[in-house]
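Peer 1: Quick one, structure for this:
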Amino acid sequence: SNYGSSSSGYGYSRAMMSTPGRCGLTNLGNTCFMNSALQCLSHTTVLREFFLSGRYRADINTVNPIGWKGRLADTYADLLQAMWDGTHSTVNATQLKRTISEFAPQFSGYQQHDAQEFLGFLLDGLHEDLNRVKVKPFKETETSGRDDLVAANEAWDYHIARNNSIIVEHFQGQYRSTLVCPRPECGKVTVKFDPFMYLTLPLPDKDSVVVPITVHWHATNRTPTKFGVLVPWSGTVTAVKEQLAAMAGIAVRDMVMVEVYHNKVYCFKDEIDRVRDLSKTDDFHVYECPQLPEGIESVLVKVHMVHPSTYAGCTDYFGMPLVLRVNKHQSEADLAPVITPRLKLRVQRSPTPTLQARRRPGQGEADHEVEMVRSRSSSVGADDAMEVTQEQNAAAAAAARAEEDGLQNSAKISRINSTDSDSLSANNETAAAAGASDNMETERPPFRIVEASYNYSYLRRTALLDRQEVQVLFDAKDEVYDLEANEEIVIDPSCNHMPQKSKEVTIDDCLELFQKEERLTQENAWRCSFCKEEVLATKKMELYRVPDVLVVHLKRFYQYGHYREKMSTYVDFPLTDFDLTRFVRSPMYTEPLIYDLYAVSNHSGSLAGGHYTANAYSDVTKSWYNYDDSFVQPCSADECKSQSSYLLFYKRRGSSAEAAAAASASYAGAASAASSSSSSAAAAADGEMEREDRAEV
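Peer 2: Down below sits the predicted model:
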């Protein structure tokens, strides 16, 4: 064996300790994650005895194309022998790391890794090396619509027919997952039974926060409403939108969340943005922007109210901005008919100066009215944005003549037909624009829709960019803009919500959260096998079959886009008498499912500079030990429970795993005797070498 040999570059001591299993592992350079996982696994009695007895050799599969021809199994057996022969106080796992690195290059360097990831890879590798199945059968199974027990047993039997090893026998259980298609015309319920190697449990948030959000409806006759959205502190903007959808009745996909600062859209909030980064003093708004019809690309446009500043080259922002979803293939100039109807609702009509209509000499009445239409078009958009065709001119002139009585200096137009309805907003702004145009007066609008530039240029026929800014210029804001009416907001009672402090978290809380029904997000949308559509289905996970050795993975590490975070929430878990009975749905168990803890992998510190250790119960000495790389010291059972607890190793009472632990007592006695004999022999050998050295001198 290469473990603990001086040729490997890492020495070891025979004199310090001689108790089997009370052996440290040398840190080879950021390998504390590996050492922690190996210590916990080495205290899994049923697996350790299988390797130390040599019985594993009969199961080595040399023809498995995804196995390692027994190399990993042999290397792991050598390491266990060095750790449990009672002659080493410290060994190193250089050979095991080298073997694994040949097949998994991610472990070849000296970077820090996740202990759970390493453990999963090691167990998978040992399974493939020891898989007793040489030729794997294949068949399709259907579980939906059948009796659960029949379907679950059939799925498990099929799994065993392809995967049969000591790892599967003792470490694997079975999930029951239920997916429901949300489409009313489908509603398909799909039930699946899948194996698992370890039980990953989410951690409840330690706190919740209230995020005040003002909702701006797409319907122009609804007053903006401010909601208080209660969301987990560690959640994302996606969670905010999902909660707000239930409160405001707006589809999540139609929500655009922004931060407004000094009457201007300061930034758009993406789905992966974290709640904890949302400041209490920030002003958040959600705009309802319905999606385009299928096949039409869209962009978002932010519209700001401005008026010239008294300072040269500066612009003053005022009022509430707008956010609209429009056709990407429109030009800037096409935005005028989309924006204008919404702006007219914000304008005080009475003090607005009217446009004086002057008829040039020799000009007919119809020509005079057409010129007024053109004049209005120029004031709303670009000088070439809304050219009026001859057909529209005729319609406008006819409408003007019909209203001529009593309107000598102004005229009303019943409707200005759009040249292309598809060029308007993809969210049916065409209808809104047409409706507003019914009452559009010949009064010159008191604003101009311009580019976001220092010289207030008219909109041009250039392509739109996503999240582009457009400005609405008011030359006389105070006289025409109804500031009080436009600042009106309805306050929803939810704004009175108080942030909640969580109670002490237990492992039962984590299990309940694991089994809680959830709705899938856009990132993990499910393709329904019945309607063939990708949908945001509801999903529920449950335990159906549990293993003899249960590895519980407390999910402390979360990733939000490019961000990774660790939750240091303290989770209380039982050292003994962990009853899983009420969390297992299957009727196949007639006795209580009671588990006892025997090892814990701990992660302390942050993601950038964390460290792994282990606590494990020795069935040889009947004592708990703390393993910190090469340092081993006794500890109490209560020291296993901390904010650093990450992987929990349990064995089920009455199982073969517990029977193996009892049987290891005989091995312990033999190992102690062998250790004593080996130590004596080693001491004699050392003395003989010392005498020889003196003789040479």
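Peer 1: And for Ile594, the neighbour number?
Peer 2: Neighbour count of Ile594, defined by other C-beta atoms under 10 Å: 16. Backbone N, C-alpha and C define where each C-beta goes, glycine included.
Peer 1: beta partners for it?
Peer 2: Counting by DSSP bridges, Ile594 forms beta bridges with Asp579.
Peer 1: and it, what does it touch?
Peer 2: For Ile594, the residues meeting the contact criterion (C-beta atoms under 8 Å, 6 or more residues apart in numbering) are Asp577, Phe578, Asp579, Leu580, Arg652, Arg653, Gly654.
Peer 1: repeat that for 10 Å
Peer 2: Pro574, Thr576, Asp577, Phe578, Asp579, Leu580, Thr581, Tyr650, Arg652, Arg653, Gly654 (C-beta atoms under 10 Å, 6 or more residues apart in numbering).
Peer 1: same deal with Arg652?
Peer 2: With the criterion set at C-beta under 10 Å, 6+ apart, Arg652 makes contact with 170, 546-550, 578, 580, 593-596, 658.
Peer 1: Most neighbours of all these, which one?
Peer 2: The contacts of Arg652, ranked by neighbours (other C-beta under 10 Å): first place Val549, 27 neighbours.
Peer 1: so where is the stretch 1-150 of the chain shaky, pLDDT-wise?
Peer 2: Within the stretch 1-150 of the chain, the stretches with pLDDT under 70 are 1-18, 141-145.
Peer 1: Do a quick rundown of the helices in it.
Peer 2: 32-42, 45-52, 71-84, 94-103, 115-130, 148-162 (DSSP state H, counting those that start in this stretch).
Peer 1: closest to Arg448 among the contacts of Ile594?
Peer 2: Distance to Arg448 across the contacts of Ile594 (C-beta to C-beta) is lowest for Leu580, with 69.6 Å.
Peer 1: With distance to Ile449, secondary structure and pLDDT added, can I get the contacts of Ile594 in TSV?
Peer 2: Compiled in TSV, the contacts of Ile594 are given as follows (distance: C-beta to C-beta, whole Å; DSSP: H, G, I helix; E, B strand; the rest coil; pLDDT from 0 to 100):
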residue	distance to Ile449	secondary structure	pLDDT
Pro574	67	coil	97
Thr576	73	coil	96
Asp577	72	coil	96
Phe578	67	strand	97
Asp579	68	strand	96
Leu580	65	coil	96
Thr581	68	helix	95
Tyr650	67	strand	98
Arg652	71	strand	96
Arg653	75	coil	93
Gly654	77	coil	86
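Peer 1: Can I get those residues in TSV including distance to Glu517?
Peer 2: As requested, the contacts of Ile594 are exported to TSV (distance: C-beta to C-beta, whole Å):
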residue	distance to Glu517
Pro574	26
Thr576	31
Asp577	29
Phe578	24
Asp579	23
Leu580	20
Thr581	21
Tyr650	26
Arg652	27
Arg653	31
Gly654	32
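Peer 1: Max pairwise distance over these: which two?
Peer 2: Pro574 and Gly654 (17.0 Å).
Peer 1: neighbour count winner among these two?
Peer 2: Neighbours were counted for Pro574 and for Gly654 using other C-beta under 10 Å; Pro574 has more, 17 against 12.
Peer 1: so where is the stretch 551-697 of the chain shaky, pLDDT-wise?
Peer 2: In the predicted model of the stretch 551-697 of the chain, residues 560-563, 657-697 satisfy pLDDT under 70.
Peer 1: For it, which segments count as helices?
Peer 2: In the stretch 551-697 of the chain, helices defined by DSSP H, counting those that start in this stretch lie at 656-696, listed in chain order.
Peer 1: re earlier: ok, the contacts of Ile594 vs Lys241, which is closest?
Peer 2: Within the set of the contacts of Ile594, Leu580 lies nearest Lys241; the separation is 35.2 Å, counting by C-beta to C-beta.
Peer 1: show me what contacts the residue nearest to that closest one when sequence neighbours are not counted?
Peer 2: Ranked by C-beta to C-beta, 6 or more residues apart in numbering and with sequence neighbours excluded, the top spatial neighbour of Leu580 is Leu593, at 4.3 Å. By C-beta under 10 Å, 6+ apart, the contact set of Leu593 is 543, 546, 550, 578-584, 586, 652-655.
Peer 1: Among these, which pair sits farthest apart?
Peer 2: Pairwise across the contacts of Leu593, and taking C-beta to C-beta, the largest span is found between Arg582 and Ser655, at 18.9 Å.
Peer 1: out of these two, which sits in the busier spot?
Peer 2: Between Arg582 and Ser655, Ser655 has the larger neighbour count (other C-beta under 10 Å), namely 18 against 10.
Peer 1: How confident was the prediction at the nearest residue to that one once chain neighbours are set aside?
Peer 2: With sequence-adjacent residues excluded and distances taken as C-beta to C-beta, 6+ apart, Ser655 is closest to Asp548, at 3.8 Å. At Asp548 the predicted local confidence, pLDDT, stands at 96.
Peer 1: Would you agree Asp548 is in contact with Gly173?
Peer 2: Yes - at 9.4 Å, Asp548 and Gly173 qualify as touching, with contact defined as C-beta atoms under 10 Å.
Peer 1: List the buried residues in stretch 69-86.
Peer 2: By 16 or more other C-beta atoms under 10 Å, the buried positions in stretch 69-86 come out as 70-86.
Peer 1: and Thr538, how many neighbours?
Peer 2: For Thr538, the number of neighbouring residues by other C-beta under 10 Å comes to 16.
Peer 1: Which residues are in contact with it?
Peer 2: Thr538 makes contacts with Thr178, Leu179, Val180, Cys181, Pro182, Val189, Glu517, Glu518, Arg519, Leu520, Trp526, as judged by C-beta under 10 Å, 6+ apart.
Peer 1: Apply 6 Å and report the result again.
Peer 2: Residues in contact with Thr538, defined by C-beta atoms under 6 Å, 6 or more residues apart in numbering, are Val180, Glu517, Arg519.
Peer 1: Please verify my assumption that the second one contacts Glu542.
Peer 2: No - distance between Glu517 and Glu542: 10.2 Å, which falls outside the contact criterion (C-beta atoms under 6 Å).
Peer 1: which of those two has more neighbours?
Peer 2: When Glu517 and Glu542 are compared on other C-beta under 10 Å, the one with more neighbours turns out to be Glu542, at 15 against 10.
Peer 1: Flag every buried residue along the regular element (helix or strand) spanning that one.
Peer 2: Taking DSSP states H and E as the definition, one finds Glu542 inside strand 538-545. For strand 538-545, burial by neighbour count (16+ other C-beta under 10 Å) applies to Thr538, Lys539, Met541, Leu543, Tyr544, Arg545.
Peer 1: okay, His170: pLDDT?
Peer 2: In the prediction, the pLDDT value recorded for His170 is 97.
Peer 1: just checking, it touches Val546?
Peer 2: No - the pair His170 / Val546 is not scored as a contact, 11.4 Å apart, by C-beta under 6 Å.
Peer 1: ok, Tyr570 - contacts?
Peer 2: Contacts for Tyr570 (C-beta under 6 Å, 6+ apart) come out as Gln643.
Peer 1: For Arg556, see how far away it is.
Peer 2: Distance from Tyr570 to Arg556, counting by C-beta to C-beta, to the nearest Å: 11 Å.
Peer 1: mind checking the longest strand of the protein?
Peer 2: Ranked by residue count, the top strand of the chain under DSSP state E comes out as strand 315-327.
Peer 1: Now Val260: which helix or strand?
Peer 2: Under the assignment given by DSSP H and E, the secondary-structure element containing Val260 is strand 255-261.
Peer 1: tell me what the longest strand of the chain is packed against?
Peer 2: Using 3 or more C-beta pairs under 6 Å, 6 or more residues apart in numbering; DSSP states H and E as the contact test, the elements touching strand 315-327 are strand 298-308.
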